[in-house]
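# What follows is a predicted structure for the sequence shown.
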Amino acid sequence: MIGLILGIGIGIGEGAILLWKYHEYCLSSYDIIYYYGFTKDPETLKYMMVIDYANKGNLRGNLARIIKSNWNQKLYILFEIISGLNDIHKQKLVHCDFHDGNILNHNESKIYISDLGLCKPVESFLKKYNIYGVIPFMAPEVLRGKSYTSASDIYSFSMIMWEFTSGVPPFNNRAHDIQLSLSICKGERPEIIENTPQCYVELMKKCWDENPLKRPSSEEVLNIIEKWIVSPYNVKDINEELKYNIMELINAPIGHNNDLATESHPQAYYTSRLLGFTSKQLNEILESRDSQAYYSSQSASGKVNEVLESEDSQANVKVNEMLGYLNTKA
């Protein structure tokens, strides 16, 4: 069976051609959804990409099932995800929109990475003030306007790792706004779930490290998870640390025991979107001498969010008024 990615537009533009080109690079990967080509809607005249059909939807819709799996099953899924991401990185590409909505599940046992629409060569990125994506899955340096790198994809992968311990998307109880972005840039991460194996926690923390240079590569993560999957009795000359980590995962409790909200905040958005604030505005607040006082006061009032998320044409004027003191140097 096949599926369709809708609404590429009227005419096959450069973006669609590049999308196809990048999928061509990754066709040898069994962990990236297969693309057959283009088709055209005779009524709307819009072109669509024809892809393999994944009958279980995206990863986010399967979290309730995955959280009930044992750790070996979870690790197999993570192995397929990081394997596909590593295939992308080996082509010197970066996914740039890596989250649980762009990972598809077929027959509960097969995982595919999809939507390489923002995937680009590493050297092709330019700094822009606009921010596009899903805030909880975006690395702090990306929120602050730095270029996407393979390390920013790894940060996104760490959020998927966390979902496998919680059963819910990261920061689902918070508004996905400038306040959350500030918190992420200041070092806030999802809380560690009780009874998560320590070796898993350590890898997850490395992947979400504030410094992208300290995050492991996709190949390093792939090798670690692959070793965890293999039974300690089938590995020759296994070291004691690895054996301990594997046994910790084997003996870890199934499911989760936490007080996290299963209902998402009404302003939690898990589809990619252009955010209502810019990296320039975010940096002005973070680099201000009074950023902590400003952050605390605006968290209480919520006025910044109302302005920055507004589509009113006067929004920028209001923002400049509210942030005016940031432009005055002591």
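Cool, got the structure.

# Can you give me every residue that contacts residue 99?
133, 134, 137, 156, 159, 160, 270, 272 (Cβ atoms under 8 Å, 6 or more residues apart in numbering). The way it works is simple: take the backbone N, C-alpha and C, and place the C-beta from them, glycine included.

# if we go to 6 Å?
134, 137 (Cβ atoms under 6 Å, 6 or more residues apart in numbering).

# do residue 52 as well
33, 34.

# can you check the one 3 residues further on too?
Contact analysis of residue 55 by Cβ under 6 Å, 6+ apart lists residue 106.

# So, low pLDDT: which residues of the stretch 1-150 of the chain?
Within the stretch 1-150 of the chain, the segments meeting pLDDT under 70 span 1-29, 117-128.

# In it, what residue spans correspond to helices?
14-25, 63-66, 71-90, 140-143, 150-166 (DSSP state H, counting those that start in this stretch).

# ditto for the stretch 201-330 of the chain
218-229, 240-251, 279-286, 291-301, 303-308, 315-322.

# What's the separation between the residue nearest to residue 64 when sequence neighbours are not counted and residue 222?
Residue nearest to residue 64 in three dimensions, not counting chain neighbours: residue 167, with 6.1 Å by Cβ to Cβ, 6 or more residues apart in numbering. Distance, residue 167 to residue 222, by Cβ to Cβ, to the nearest Å: 24 Å.

# now do residue 98
15 Å.

# Ok, residue 148 next?
The value you get for residue 148 to residue 222, if Cβ to Cβ is used, is 20 Å.

# Find the residue ranges of the stretch 151-300 of the chain scoring beneath the pLDDT cut-off.
Ranges of the stretch 151-300 of the chain meeting pLDDT under 70: 231-237, 255-261, 289-300.

# repeat that for 50
Where the stretch 151-300 of the chain drops to pLDDT under 50, the residues are 300.

# In terms of neighbours, single out the busier of residue 98 and residue 222.
Taking neighbours as other Cβ atoms under 10 Å, residue 98 and residue 222 compare with residue 98 leading, 29 against 21.

# who are the neighbours in contact with the more buried one?
153, 156.

# what's the closest residue in space to residue 178 that isn't next to it in sequence sitting at in phi/psi?
Leaving aside its chain neighbours, residue 178 sits nearest to residue 277 (4.8 Å; criterion: Cβ to Cβ, 6+ apart). With angles defined as degrees, to the nearest 10, residue 277 sits at phi -150, psi 160.

# thought residue 277 was touching residue 179?
No. Using Cβ atoms under 6 Å, residue 277 is not in contact with residue 179; the gap is 10.2 Å.

# Between these two, tell me which one has more neighbours.
residue 277 (23 against 17).

# What is the burial count for the nearest residue to residue 196 once chain neighbours are set aside?
What sits nearest to residue 196 in space, not counting adjacent residues and going by Cβ to Cβ, 6+ apart, is residue 165, at 4.7 Å. Residues near residue 165, counting by other Cβ under 10 Å, number 23.

# Number the chain from 370, please
Happy to do that; since the first residue is 370 now, the last one works out to residue 534.

# my read: residue 534 touches residue 564, true?
No. Using Cβ under 6 Å, residue 534 makes no contact with residue 564, being 8.6 Å away.

# Please report the distance of residue 439 from residue 480.
In this view, residue 439 and residue 480 are 17 Å apart by Cβ to Cβ.

# Repeat that for residue 534.
18 Å.

# Likewise for residue 560?
26 Å.

# again, but for residue 457
Remark: distance between residue 457 and residue 480 (Cβ to Cβ) = 14 Å.

# So which of residue 439 and residue 480 has more stuff around it?
residue 480 (24 against 13).

# and that one, what is it in contact with?
446, 449, 450.

# end-to-end on stretch 427-435?
Stretch 427-435 has its terminal residues 12 Å apart, counting by Cα to Cα, to the nearest Å.

# Could you list the buried residues of it?
Residues of stretch 427-435 classed as buried: 427, 428, 429, 431, 432, 435 (neighbour count, 16 or more other Cβ atoms under 10 Å).

# quick one: which of these is nearest to residue 474?
Nearest to residue 474 out of the buried residues of stretch 427-435 is residue 431 (Cβ to Cβ; 5.2 Å).

# residue contacts, the closest one?
Residue 431 touches residue 474, counting by Cβ under 6 Å, 6+ apart.

# go with 7 Å
Going by Cβ atoms under 7 Å, 6 or more residues apart in numbering, residue 431 touches 425, 474.

# so what's residue 400 closest to, chain neighbours aside?
Closest to residue 400 by Cβ to Cβ, 6+ apart is residue 453, at 3.1 Å.

# For the closest residue to residue 539 other than its chain neighbours, the count of nearby residues, please.
Sequence neighbours aside, residue 505 is the residue nearest to residue 539 in space, at 4.1 Å (criterion: Cβ to Cβ, 6+ apart). Using other Cβ under 10 Å, residue 505 has 25 other residues around it.
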